[in-house]
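S.K.: I'll drop the sequence and a predicted model, then ask my questions.
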Amino acid sequence: MKLSTIVLLLFLFFAFAFSGTPVMDGIFDGEAVWGSPAYVADGVAGWAGANAKKFYVTDDAHYIYFGAEVSAAQWMSWCFIVNTKTGGGDYDSWMRAIDYAHANLPDYAVRGTFGGYAECNYWDGSAWQGFVGLESTEFADTITVNDVVDGWVEIRIPKDSLGTPDKGDVEFYITGDHNEHGNFDACPDDDNATAWDMSGNHNILRNYRTDILMNTTPAAVEQKELAPQKFTLLGNFPNPFNPSTTIRFTLGQRSAVTLKIYSISGELLYRQQRRFDRAGEQQWHISAAALGKHVASGVLLYSLRSDDLGLQKSGKMILLK
């Protein structure tokens, strides 16, 4: 292997390993980005083969990120219940056969279905509200078949949507697609379903991972130090993709931006510079055809450089053929 290729691969490794902010692409970015797991469960599969293995929580100046390592099928649903204040709801916000008996009840239910939907529900003092789907750029997972497979699910929620808490209590669980379904498996470990229909014998969840830090990077600090040169990568969608995908990012000022796309072996497949004449959110549309006829399916690495700011961001995309 040429020295230049080795140097490139080392650069890309460190760019991904220490980027500091999870990319919402359904791929686990590693503990260098997410930190240590907030909780590791017993690893034993629950009902229907579901397994909530471990979950992570991290934050940046604007978002709280939730991620979980799972075994699940696309027809299943997932949920992070979050307690940050007094009060809260004592039943599942989607009316599954699950009730809550935590010492401090959850105020938020950050949840969705594997394969393409998510929302953030909140307790208004008497009922769950917030049944509005989130943008597809705010969550992702790798569970794409109706057989149980190993995978990852992740989502980010603006801090102010969760009351900008300094810390909170969290439990993650997997359930099904019908109201009579109970808790298939939870992390921390909890009361699991013993039948398909739990409507007459609801599962009772009561175990949080408590006191998780959720505001380690206050927004005021970032705004003061970084706002004049803000450059943020929001990821690409769809991901995996075929025949095309769109990379989204923000600029704090107008700037020329250079996009480079590499194969996993370090081969440069695409390079182009464009001028963006306004600040704010930007989009860069990429077709598989632009990468060349012979590019294979698999993970591709890309970098975006704001040439005027001298800042660079890196991400991963998956091409399916």
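M.R.: Yep, it's here. The model shown is predicted, which means the values in this text are computed figures rather than measured ones.
S.K.: Spell out, range by range, the helices that occur in the stretch 151-300 of the chain.
M.R.: For the stretch 151-300 of the chain, helices defined by DSSP state H, counting those that start in this stretch occupy the ranges 219-226.
S.K.: what about the strands in it?
M.R.: 167-175, 185-187, 203-205, 209-213, 231-237, 244-251, 255-263, 268-276, 280-287, 298-306 (DSSP state E, counting those that start in this stretch).
S.K.: if you compare those, which one is most tucked away?
M.R.: Highest mean neighbour count of the strands of the stretch 151-300 of the chain: strand 185-187, a mean of 28 (counted as mean count of other CB atoms under 10 Å). C-beta coordinates here come from the backbone N, C-alpha and C atoms, glycine included.
S.K.: Generate TSV for the strands of the stretch 151-300 of the chain, with mean pLDDT as supplementary columns.
M.R.: Listed next are the strands of the stretch 151-300 of the chain as TSV, based on pLDDT from 0 to 100:
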stretch	mean pLDDT
strand 167-175	98
strand 185-187	98
strand 203-205	98
strand 209-213	96
strand 231-237	86
strand 244-251	90
strand 255-263	91
strand 268-276	92
strand 280-287	90
strand 298-306	89
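S.K.: So for Thr58, which of the ones you listed sits nearest?
M.R.: strand 209-213 (8.9 Å; CB to CB).
S.K.: Tell me the helices and strands packed up against that closest one.
M.R.: Judged by 3 or more CB pairs under 8 Å, 6 or more residues apart in numbering; DSSP states H and E, the packing partners of strand 209-213 are strand 51-59, strand 167-175.
S.K.: Please repeat the previous calculation with a cut-off of 7 Å.
M.R.: strand 167-175 (3 or more CB pairs under 7 Å, 6 or more residues apart in numbering; DSSP states H and E).
S.K.: picking up where we left off before, to Ser36, which of the strands of the stretch 151-300 of the chain lies closest?
M.R.: Across the strands of the stretch 151-300 of the chain, the minimum distance to Ser36, taken as CB to CB, is reached by strand 209-213, at 11.2 Å.
S.K.: what angle sits between the closest one and strand 167-175?
M.R.: The directions of strand 209-213 and strand 167-175 differ by 130 degrees, with axes from the mean of the first three to the mean of the last three CA atoms, to 10 degrees as the criterion.
S.K.: Work out the gap between strand 209-213 and the centre of the chain.
M.R.: When C-alpha coordinates are averaged (CA atoms, centre = their mean, to the nearest Å), strand 209-213 and its chain have centres 19 Å apart.
S.K.: That strand versus strand 51-59: what angle between them?
M.R.: Using the same axes, to 10 degrees, strand 209-213 lies at 30 degrees relative to strand 51-59.
S.K.: In the sheet, which strands lie alongside strand 209-213, parallel or antiparallel?
M.R.: Using DSSP bridges, the strands paired with strand 209-213 are strand 167-175 (antiparallel).
S.K.: so where does Met24 fall, helix or strand?
M.R.: Using DSSP states H and E, Met24 sits within no helix or strand.
S.K.: so who does it touch?
M.R.: 137-140, 154, 156, 235 (CB atoms under 7 Å, 6 or more residues apart in numbering).
S.K.: now with 10 Å?
M.R.: Contacts for Met24 (CB atoms under 10 Å, 6 or more residues apart in numbering) come out as 63, 65, 67, 135-140, 154-156, 234-237, 239, 248, 315.
S.K.: Thr250 now?
M.R.: So Thr250 contacts 230-234, 279-282 (CB under 10 Å, 6+ apart).
S.K.: Look at the closest residue to Val299 other than its chain neighbours and report its pLDDT.
M.R.: Distance criterion CB to CB, 6 or more residues apart in numbering; nearest residue to Val299, sequence neighbours excluded, is Ile264 at 5.2 Å. On the pLDDT scale, Ile264 is placed at 81.
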